[in-house]
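Chemist: Sharing a sequence plus its predicted fold:
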Amino acid sequence: EGSSSPSPDQQHASAKKKKKNAHSHHSLKGIFLIMLGSFSFSVMFLLVKLMAEMNTFTLVFWRSLVQIAISLFDLAKKGVNPLGPNDATVRFYLVCRAVFGAAAVCAWFFGIQLLPLPDAVTLQFTTPPFAAAFAVCMVGERWKPLDMIGAVVCLTGVALIAHPTWLFGSEAADDADADTGASGLLKAMAVLVTTAGAAMAGIAYVCVRKIGDRADAVVMVLYYGTLSLPMTLLGSGLLLGDWNVMGDFEHFSIKDYFLLLLMGIAGYGGQWFTNLGLQIETAATATLATSTQICWTFIFELLFLHEKLNMWSLAGTALILGYMMIVGVIKMVESNQMIEAREAEEQNEEEGILLENAHEANGKGGYGALPSD
């Protein structure tokens, strides 16, 4: 009776408080991880741009080799099964995430080599509307009016970046071609392929959400790297007529090997940080955090590539990035409101339990005070 040890109710309240604080740090950790992933991907895209003389499939092949090596080393060190958990459903989504993710990267690399770097990366930012649409079918999420508006906004941004001749006239198209040296037809193809890559990335994104924390983030990277190898071989052979995806490695310079290694490391970092962040953070907050990638892209473009930016591309970039930031802020506010409502409900339940226990204690005390005769 005279003990100062906390009661079960006090222990329960303390545990709830720790859980609340953990959720706050948990959320910040997820945001930070996704921002690190965005930075890593921006570095990778910059390196791809610096190796524009190599074909797309050769770049993906070498990137995959580096990622496989790092992943196997990391999983062996942690004692994790490279195949992931012994769950058919999880492994199915791991394969789907790898296949669609690899196809998306091939499409992006193709676009990066033919389009100005900010334009190609901004086209990548059309992934969230695609992901929202696929989430309706695959996860059963409701497509809210904000998501529908976002799809229109992002597609409008794509049109501003691509500035097609039917909308802007031939003069705008000529100015755009002057930036990259690409023909109008080739540039249009790059826009279509890169946008298709964003759609495939949307499917891969939803697969990560389906997997959740049931598989290690490094396992996802390993699956991606492994399944990318046959895809690069088929893509290079069928589309380019060249089955040698390793490239002319006998004539690679030390600089080429160094850039390929850095590209693989940056790609691994982007994959790992993003997968880990998505396992922790909600899709809404992730949308806001990934928008930092476009900021790094502009910095790299100004510092290293000195590419010419036109006003239409800037307008499209601002439109898409502005939408991402607004949606992220709105959904973060909604998430905080839901957390506060849940905490208030839990507090009311705890107060009810404490009050009930107090009544029981008073009742027992009253009976003990009765005369014994």
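Modeler: Alright, I've got the coordinates. Numbering: from 1, shown residues only.
Chemist: Next, work out how far apart the residue nearest to Ile161 when sequence neighbours are not counted and Phe125 are.
Modeler: With sequence-adjacent residues excluded and distances taken as CB to CB, 6 or more residues apart in numbering, Ile161 is closest to Gly316, at 3.9 Å. Yep, even glycine has a C-beta here, placed from its N, CA and C like the rest. For Gly316, the distance to Phe125 (CB to CB, to the nearest Å) stands at 10 Å.
Chemist: Residues that sit against both of those two, list them.
Modeler: Gly157 (CB atoms under 8 Å, 6 or more residues apart in numbering).
Chemist: the helices in the protein, which residues?
Modeler: Remark: helices assigned in the chain by DSSP state H are 8-50, 56-78, 88-114, 117-124, 127-138, 145-162, 165-168, 170-180, 184-211, 217-235, 254-280, 283-290, 292-300, 311-368.
Chemist: Single out the most deeply packed of the ones you listed.
Modeler: helix 117-124 (a mean of 27; mean count of other CB atoms under 10 Å).
Chemist: could you check the angle helix 184-211 makes with that one?
Modeler: If you take axes from the mean of the first three to the mean of the last three CA atoms, to 10 degrees, helix 117-124 sits at 50 degrees to helix 184-211.
Chemist: and helix 117-124, how far from the chain's centre?
Modeler: 15 Å (CA atoms, centre = their mean, to the nearest Å).
Chemist: Over to stretch 223-237?
Modeler: That offset, for stretch 223-237, works out to 21 Å (CA atoms, centre = their mean).
Chemist: how much space between Thr58 and Leu222?
Modeler: 21 Å.
Chemist: And Ala120, by the same measure?
Modeler: 27 Å.
Chemist: again, but for Val121
Modeler: Val121 is 25 Å from Leu222, by CB to CB.
Chemist: Repeat that for Ile203.
Modeler: With CB to CB as the criterion, Ile203 and Leu222 are 19 Å apart.
Chemist: what does Ala198 give?
Modeler: In this view, Ala198 and Leu222 are 24 Å apart by CB to CB.
Chemist: now swap in Gly111 and tell me
Modeler: Counting by CB to CB, the gap from Gly111 to Leu222 is 26 Å.
Chemist: Please apply the same query to Thr274.
Modeler: From Thr274 across to Leu222, the span is 15 Å (CB to CB).
Chemist: can you check Gly37 too?
Modeler: Taken as CB to CB, the span from Gly37 to Leu222 is 17 Å.
Chemist: ok, now Ser313?
Modeler: 36 Å.
Chemist: just Phe100 next, same as before
Modeler: Taking CB to CB, one finds Phe100 at 16 Å from Leu222.
Chemist: Ok, Val95 next?
Modeler: 12 Å.
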